[in-house]
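Visitor: starting from these lines, generate the structure:
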Amino acid sequence: MLICVLCLSCTIFVSDKCQYWEDLSDTRQNAILQTLHVDVRILMLYQHQMTLSDDDGSEEILNTLCSQTDGYKKIFYFYVFNDMLQSSDGALREMMGTYCLRYVMDNPAFTMNYFSNHSGISKEYSSSIGTEIYHNNMDVDAFKHHLLSSIRQKSLQVYTKDFIREVLQVYDSM
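Guide: Sure, this is the predicted structure:
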């Protein structure tokens, strides 16, 4: 199977399909982890040997996970971030909205493609983003415009409208 890195979106593709961390075999994941240079705390999060709280160290890790990366590091960080989002609660959960919004805005096609096949995590993001937009009095129209104008693939445009609808339902319920 031919794997190449598409520089325009900094995502790994296999036969024109986005590839994500959980698409890789355990053997491939382990081999990649041997070559990736990542913060040891992120590896500990991945291995469930550490949890985050609402402190400065957690913010530093979240900033790293949401940083602009590519290739295997991107899909690994996205996986770890999603795992954290799904297990977060309390003050950490409140912090996550900022990072969910940032990640989606910085990686619209990558996230919408993933969410279109993973409704559970999509709902986590839409809930966090809707809450974040509401509590920070952000411009909903700018959010919608950015996402819709960033997606070129027709099938993802349809899904993106559904995702925005979910975000707005959370926003309107506040």
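Visitor: the helices in this protein, which residues?
Guide: Taking DSSP state H, the helices of the chain run over residues 26-35, 40-46, 56-65, 71-87, 90-106, 108-115, 119-135, 140-150, 154-173.
Visitor: which stretch among the ones you listed comes nearest residue 18?
Guide: Checking those against residue 18 by Cβ to Cβ gives helix 108-115 as the closest, at 4.8 Å. In short, each C-beta sits where N, CA and C put it, glycine included.
Visitor: show me where pLDDT drops low in this protein?
Guide: Low-confidence segments of the chain, defined by pLDDT under 70, are located at 1-17.
Visitor: repeat the analysis, applying 80 as the threshold.
Guide: Counting by pLDDT under 80, the chain contains low-confidence residues at 1-17, 54.
Visitor: looking at the helices of the chain, which is closest to residue 19?
Guide: helix 71-87 (6.8 Å).
Visitor: chain center to that closest one, what's the gap?
Guide: Distance of helix 71-87 from its chain centroid, counting by Cα atoms, centre = their mean, to the nearest Å, is 7 Å.
Visitor: give the contact list for the nearest residue to residue 171 once chain neighbours are set aside.
Guide: Nearest non-adjacent residue to residue 171, counting by Cβ to Cβ, 6 or more residues apart in numbering: residue 130, 4.3 Å away. Contacts for residue 130 (Cβ atoms under 8 Å, 6 or more residues apart in numbering) come out as 166, 167, 168, 169, 170, 171, 173, 174.
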